[in-house]
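**Q** I'll drop the sequence and a predicted model, then ask my questions.
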Amino acid sequence: MPVRVLFVCLGNICRSPMAEAVFQHHVDAAGLGDAIQVDSAGTSDWHTGESAHRGTLHVLRRHGIDYAGRARTISPRDFEQFDYILAMDDSNLANLRRLMPEGSRAKVHMFLDYAPDASSREVPDPYYDGRFEEVYQLVEQGARGLLEHIRREKGL
Ligand code: 4NP
């Protein structure tokens, strides 16, 4: 059974698609594409069906990463199907705890808990201020730390 990882933000167009793409990039580079499955979702339905924000796509492309996913809203089934659900900020975490069905199997954590040396424990929302490169640097640290953690925990 593959390990399943879901990144979550508010709109699923800026931060969580970036985290999904960067983490997938590291998973593929480690040759773990079959062992670890990656997805992202939003706690809102405001942008369902849309492609990622142009700021996210631009910064990803600048770092040599492609992304073609479309925004979707998190569903109760996700809490059964994913092993790790990672929140980008405290508000996402509070929403996830509220939406999480009783006895769910997923572990819900702050993404940057896996990057203890990062300058922030939240990935700030770039939707209004356009700080996509700053978000990328945090996402990169979180992705590396999370992959190390999963490899250690699952013996991969
Ligand atoms: P995200 O950013 O949660 O990182 O995808 C946002 C996207 C859209 C909005 C807010 C944040 N919005 O207000 O529509």
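**A** Arrived safely.

**Q** contacts for stretch 144-152?
**A** Residues outside stretch 144-152 that contact it (C-beta atoms under 8 Å, 6 or more residues apart in numbering): 3, 5, 23, 26-27, 30, 32, 36, 84, 86, 111, 114-116, 156. For the C-beta atoms, the positions are set from N, CA and C on the backbone; glycine is no exception.

**Q** Pick the one among those residues closest to the ligand.
**A** The ligand has its nearest neighbour among those in F111, at 11.6 Å by C-beta to the nearest ligand atom.

**Q** Apart from its neighbours in sequence, what residue is nearest the closest one?
**A** Nearest residue to F111, sequence neighbours excluded (C-beta to C-beta, 6 or more residues apart in numbering): L86, at 4.0 Å.

**Q** name the element the one you found belongs to?
**A** strand 84-87 (DSSP states H and E).

**Q** which residues touch that strand?
**A** Contacts with strand 84-87, where a contact means C-beta under 8 Å, 6+ apart, come from 3-9, 19, 78-79, 93, 96, 106-111, 114, 142, 146, 150.

**Q** Out of these, which are close to the ligand?
**A** C9 (C-beta under 6 Å from any ligand atom).

**Q** and the longest helix anywhere in the chain, how far out from the chain's middle?
**A** In the chain, with assignment by DSSP state H, the single longest helix is helix 132-154. A distance of 9 Å separates the centroid of the chain from that of helix 132-154, by C-alpha atoms, centre = their mean, to the nearest Å.

**Q** Flag every buried residue along that helix.
**A** 132, 134-136, 138-143, 145-147, 150-151 (16 or more other C-beta atoms under 10 Å).

**Q** Ok, stretch 23-30 next?
**A** Those would be 23-27, for stretch 23-30 by 16+ other C-beta under 10 Å.

**Q** Just the CA atoms of it, as CSV, please.
**A** Extracted C-alpha coordinates of stretch 23-30, given in CSV (Å, rounded to 0.1, in the frame of the first residue of the first chain):
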residue,chain,number,x,y,z
PHE,A,23,6.9,17.3,-2.8
GLN,A,24,6.1,15.2,-5.8
HIS,A,25,9.3,16.5,-7.5
HIS,A,26,11.3,15.2,-4.5
VAL,A,27,9.4,11.9,-4.3
ASP,A,28,10.1,11.3,-8.0
ALA,A,29,13.8,12.3,-7.6
ALA,A,30,14.1,9.8,-4.8
